[in-house]
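Q: below: sequence and its predicted model.
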Amino acid sequence: MSIVIRDLHKAFDGKVVLDGFEVEARDGETLVILGGSGSGKSVTLKHVVGLLTPDKGQVEVDGEVVSDLRREELFVLRRKVGYVFQFAALFDSMSLADNVAMGLRRQSDMDRKEIEERVEECLRLVDLDGFGPRAPSELSGGQRKRAGIARAIATRPQYLLYDEPTTGLDPVTRAMIDQLILRMSSELGVTGIVITHDIDSAFRVADRFAMLHEGRCRFQGTPEEIRETDDPVVRGFIEGRPELLENAS
């Protein structure tokens, strides 16, 4: 089982964002896609769940081409793929428990008690035991991020997509979110794709890296390989050295 991105192209109003990006998230690994702001990382994730359609190329999830799926088939696919949004995207008009239960209530094979038990289990997994009755507005930034993870895992997905999961958090809370990402991999066995420009976080969670630069995959490799690369673009990004980026071709 894997997510395979093949020759992905996407432009908006004539501006090219993805220009042949290719990468594979292998079964059981956490793949971190690095790239600067506006490089197309979030655009890539949206193609995985069918929120965007490629101009050219395709995304395959378990061998199925996402852009070829009918609406009903796409709904089934999205049950396999949990999406952790950058700013949690919780509904303030609903309790935390109701936010986590949203996907479960669309599944006709679960009764009310089963849904409540699953919600409690998910909140416990992200260390939010007893927080179900609270409104999202009562949560800190880190708690909202954890709540977003709880909602994403509620339907027992095979894949988890994390869109900038540590953005706007203090160092201690960032480390807590990273530990949760590792827990989701080790305890639930999910395959993860994390998009980020947070280098410290990336090295804590990655099994493998891909670097998205100018719409293409500039680098793929393990944490050890990315540390040892001579590519000036990759080194400039992970070391915070803009002079390397400016002089690279």
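A: Thanks, I have the structure now.
Q: what helix or strand is residue 210 located in?
A: In this structure, residue 210 sits in strand 208-213 according to DSSP states H and E.
Q: pull the distance from that strand to the chain's centre.
A: 14 Å (Cα atoms, centre = their mean, to the nearest Å).
Q: tell me the buried residues in that strand?
A: The neighbour-count check on strand 208-213 (16 or more other Cβ atoms under 10 Å) flags 208-213 as buried. The C-beta positions use only the backbone N, C-alpha and C, and glycine is treated the same way.
Q: give me the contacts around the longest helix along the chain.
A: As assigned by DSSP state H, the longest helix anywhere in the chain is helix 171-188. Outside helix 171-188, the residues within contact range by Cβ atoms under 8 Å, 6 or more residues apart in numbering are 28-30, 125-127, 140-142, 145-146, 149, 153, 156, 160, 162, 165-166, 169, 190, 192, 194, 198, 200-201, 204-205.
Q: buried only: go through the residues you listed for me.
A: Burial by neighbour count, judged by 16+ other Cβ under 10 Å, picks out 29-30, 125-126, 142, 145-146, 149, 153, 160, 162, 165-166, 169, 190, 192, 194, 198, 201, 204-205 from the contacts of helix 171-188.
Q: residue 39 touches residue 212, doesn't it?
A: Yes. The pair residue 39 and residue 212 passes the contact test of Cβ atoms under 8 Å, sitting 5.1 Å apart.
Q: related to what we said a few turns ago, just put the buried residues of strand 208-213 in a markdown table and tack on distance to residue 97 and pLDDT.
A: Shown next, in a markdown table, are those (distance: Cβ to Cβ, whole Å; pLDDT from 0 to 100):
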| residue | distance to residue 97 | pLDDT |
| --- | --- | --- |
| 208 | 35 | 96 |
| 209 | 36 | 97 |
| 210 | 36 | 96 |
| 211 | 39 | 95 |
| 212 | 36 | 95 |
| 213 | 41 | 93 |
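Q: distance to residue 180 added to these, as a markdown table?
A: Formatted as a markdown table, these follow (distance: Cβ to Cβ, whole Å):
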| residue | distance to residue 180 |
| --- | --- |
| 208 | 19 |
| 209 | 20 |
| 210 | 22 |
| 211 | 24 |
| 212 | 24 |
| 213 | 28 |
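Q: show me which of the residues you listed is closest to residue 13.
A: residue 212 (20.1 Å; Cβ to Cβ).
Q: for that closest one, which non-adjacent residue is closest in space?
A: Beyond its immediate neighbours in the sequence, the residue positioned closest to residue 212 (Cβ to Cβ, 6 or more residues apart in numbering) is residue 35, lying 3.7 Å away.
Q: quick check: phi and psi at the residue nearest to residue 28 when sequence neighbours are not counted.
A: In space, and not counting its chain neighbours, residue 28 is closest to residue 191: 5.8 Å by Cβ to Cβ, 6+ apart. Dihedral angles of residue 191 (phi, psi; degrees, to the nearest 10) stand at phi -90, psi 130.
Q: for residue 191, give me its contacts.
A: 1-3, 25-31, 158-160.
Q: hmm, try it at 10 Å
A: Shown in contact with residue 191 (Cβ atoms under 10 Å, 6 or more residues apart in numbering): 1-3, 25-31, 81, 157-161, 185, 207.
Q: buried subset of these?
A: Buried among the contacts of residue 191 by 16+ other Cβ under 10 Å: 2-3, 25, 29-31, 81, 157-161, 185, 207.
Q: surely residue 11 is within a strand?
A: Yes. Secondary structure assignment (DSSP: H, G, I helix; E, B strand; the rest coil) places residue 11 inside a strand.
Q: residue 207 touches residue 193, doesn't it?
A: No. At 11.1 Å, residue 207 does not count as touching residue 193 under the criterion of Cβ atoms under 10 Å.
Q: which neighbours do these two share?
A: Common neighbours of residue 207 and residue 193 (Cβ under 10 Å, 6+ apart) are 25, 29-32.
Q: having no further points to raise, I will conclude here.
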